[in-house]
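Engineer: what's the 3D shape of this:
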Amino acid sequence: MPRIKMVVLDFDGVIVESGRGEKIWRWLAKKIRVKTPKIFFFLQEIIEDEFNIRSELIGETIEYIKILNQNNCLVGLLTDRSLWSLDMFFSKNNRLINFNKFAFVQGRKSVLNRLVKKLPLKTVFFESKETKPNAQMFQNLKRFAKEKNIELQEIMVIDDLPAMIELARTNGLSVPPTYYYFAD
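Structural biologist: This is a model prediction of the structure:
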């Protein structure tokens, strides 16, 4: 088994408890049999910010990120969140974790991203027009890995959506040997 040089995490459901808003939007999209429209994520982010609703950080994950960083393992994010939403979250929770912990971030394209003043120097950010699950979201990760001389099997992807785990596996990335998914 190759040594893991990079771990790529989902945000909602892995770093923070999945927000009720995301669960509702995904449930609704599933009921009407469409891919989750981006407007749902946009509205969720605006509502969360407006009403100061914050999902709770998962303490274990934060500790794992710190350990990975200490052991020179790169950490990335692959999320449907916009850069604006992530920036707002990390700026309000920076005592526990901040953007500097992430070498790679693949987020959702949003007009709100223009409001972000600057990114940490170590963080490489890519935007995607597509929402998860989508194989195209892995293209920027593959390009980043190639630039850093990291083989795809040296990247572990951790996500709470089984479809993303399968896409990671079919794209040549490592996934945890077993993972647990609890349907809502």
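Engineer: when you work out contacts or count neighbours from here on, use the C-alpha atoms and nothing else.
Structural biologist: Noted.
Engineer: for stretch 4-22, which outside residues touch it?
Structural biologist: Residues outside stretch 4-22 that contact it (CA atoms under 8 Å, 6 or more residues apart in numbering): 40-41, 44, 55-58, 61-62, 72-79, 81, 150, 153-160.
Engineer: burial count for residue 115?
Structural biologist: Using other CA atoms under 10 Å, residue 115 has 10 neighbouring residues.
Engineer: buried subset of the contacts of stretch 4-22?
Structural biologist: 40-41, 44, 55, 57, 62, 73-79, 81, 150, 153-160 (16 or more other CA atoms under 10 Å).
Engineer: out of these, list just those in strands.
Structural biologist: If you go by DSSP state E, those have 74-79, 81, 155-158 in strands.
Engineer: spatially nearest residue to residue 132 (excluding sequence neighbours)?
Structural biologist: residue 80 (6.5 Å; CA to CA, 6 or more residues apart in numbering).
Engineer: tell me if I'm right that the one you found and residue 107 touch.
Structural biologist: Yes: counting by CA atoms under 8 Å, residue 107 is a contact partner of residue 80 at 5.6 Å.
Engineer: which residue is the nearest non-sequential neighbour of residue 57?
Structural biologist: Using CA to CA, 6+ apart, the closest residue to residue 57 is residue 16 (4.3 Å).
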